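Visitor: A structural model of the following input is requested.
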Amino acid sequence: MILYHGTNADFGEIDLAKLLNRNNASRQPAHDYDIVIGPIANDRVGVQLWKYENQSIDLPTLVHNLRNMKGITFQYFFGTERAVKILKRL
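Guide: The predicted structure is shown next:
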């Protein structure tokens, strides 16, 4: 699988110290997963999440709406050294 980094600047290596989802007090990751795959959030995704959080729709409806949303693309988050080691730069 070929993945593209979402930047317009060249970089030599992945610097996990720059992660934005870390707890600043303990410098621990927000979760224990090596890799997280999910839809890229946009305004339409936010509306669906808002509806779910406000109990306007249930979880099966949320999942259905997100799966069938046009134009959704997925992102891959490699958040640990273990995950980054499996990547090969082309």
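Visitor: need phi/psi at Phe74.
Guide: With angles defined as degrees, to the nearest 10, Phe74 sits at phi -110, psi 150.
Visitor: residues contacting it?
Guide: Ile37, Gly38, Pro39, Ile40 (C-beta atoms under 8 Å, 6 or more residues apart in numbering). (Glycine included, C-beta is placed from N, CA and C.)
Visitor: okay, Ile40 and Tyr76: tell me how far apart.
Guide: Per C-beta to C-beta, to the nearest Å, Ile40 is found 10 Å from Tyr76.
Visitor: and Ala83, by the same measure?
Guide: With C-beta to C-beta as the criterion, Ala83 and Tyr76 are 9 Å apart.
Visitor: can you pick the most crowded of the contacts of Phe74?
Guide: Pro39 (15 neighbours; other C-beta atoms under 10 Å).
Visitor: what bridges to that one?
Guide: Phe74 (DSSP bridges).
Visitor: let's number from 549 now, not from 1
Guide: All set: I'll call the first residue 549, so the last point we hit is now Pro587.
Visitor: hmm, Leu614 and it touching each other?
Guide: Yes - counting by C-beta atoms under 8 Å, Pro587 touches Leu614, with 6.1 Å between them.
Visitor: assign the residue of the chain positioned farthest from its centre to helix, strand or coil.
Guide: Within the chain, Ser604 marks the point farthest from the mean C-alpha position, 24.5 Å out by C-alpha atoms, centre = their mean. Secondary structure, DSSP: H, G, I helix; E, B strand; the rest coil: Ser604 is coil.
Visitor: residues near Gly594, how many?
Guide: Residues lying near Gly594 (other C-beta under 10 Å) number 10.
Visitor: the one 5 residues further on too?
Guide: When counting by other C-beta under 10 Å, one arrives at 15 neighbours for Lys599.
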